[in-house]
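Engineer: Using only what follows, build the 3D model:
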Amino acid sequence: MKMGAFVLAYHGCDKSVGEALIAGSTSFKASQNDYDWLGHGIYLWENNPKRAMDWAKFMAAHPTFRKRVKEPYAVGAIVDLGNCLDLTESHSLEMVSAGYDSLKAIFALDQQSLPENKQGDAGDVDLIRRNLDCAVINHVHDLRKKANMPTYDTVRGAFHEGEALYPGAGIKRKTQIAVRTLSNIVGVFKIRGL
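Structural biologist: All right, here's what the predicted structure looks like:
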């Protein structure tokens, strides 16, 4: 769905990467993991610089990421959502549901099991390894490409992830954007006071 809207979004990274992004001497790199929640893309947190910094700190503290993040940092970005697969509205949700049905049929023809969303570790209640969700979102992109439909520049999602905001709450703390078209990041800036 064409959004025609700019949003402020934030990216957690190593300080050297963040400074290079601000200086324009490097570009954002798209994540290509099989478990990316919104499919392949450049991951940012909409309107949430603290969440981006928390992610950078998490990466610095965990051995899997420690080589990439020695000094936690976050940068801001101005993102043109462009043609957005917006998982907060009905039409996009219907597209993703149809994408799941299509992918399920393909796997059934090949007599294979669909990928699954899985725990990242024993205490993970959010199933952070989103292999199924990633496969479905990427399949939606592939279907549009094969049908010569306009590609999605961004995917926007609000997730029920993290601890409850307060006891008994259905409100969670985290949301994300995955940018698929690099030129839709129209500016990068330093965050003050973080």
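Engineer: The chain: helices as residue ranges?
Structural biologist: Secondary structure of the chain (DSSP state H): helices located at 15-23, 49-61, 90-109, 131-146.
Engineer: who touches the nearest residue to residue 189 once chain neighbours are set aside in this structure?
Structural biologist: Counting by Cβ to Cβ, 6 or more residues apart in numbering, residue 189 lies nearest to residue 76, which is 4.6 Å off, once chain neighbours are set aside. No exception for glycine: its C-beta is placed from N, CA and C like everyone else's. Applying Cβ atoms under 8 Å, 6 or more residues apart in numbering, we find residue 76 in contact with 8-11, 49, 188-191.
Engineer: If we only consider those residues, which is nearest to residue 40?
Structural biologist: Each of those was checked against residue 40 using Cβ to Cβ; the closest is residue 11, at 15.6 Å.
Engineer: neighbours of the closest residue to that closest one other than its chain neighbours, just the number please.
Structural biologist: Nearest non-adjacent residue to residue 11, counting by Cβ to Cβ, 6+ apart: residue 44, 4.9 Å away. Each residue near residue 44 was counted by other Cβ atoms under 10 Å, and the total is 27.
Engineer: And for residue 36?
Structural biologist: Using other Cβ under 10 Å, residue 36 is surrounded by 22 other residues.
Engineer: And the pLDDT at the closest residue to it other than its chain neighbours?
Structural biologist: Leaving aside its chain neighbours, residue 36 sits nearest to residue 134 (4.8 Å; criterion: Cβ to Cβ, 6+ apart). The confidence metric pLDDT takes the value 95 at residue 134.
Engineer: mind listing what residue 134 touches?
Structural biologist: 33-40, 115.
Engineer: Looking at the contacts of residue 76, state which has the most neighbours.
Structural biologist: The contacts of residue 76, ranked by neighbours (other Cβ under 10 Å): first place residue 9, 27 neighbours.
Engineer: so what pLDDT did that one get?
Structural biologist: 96.
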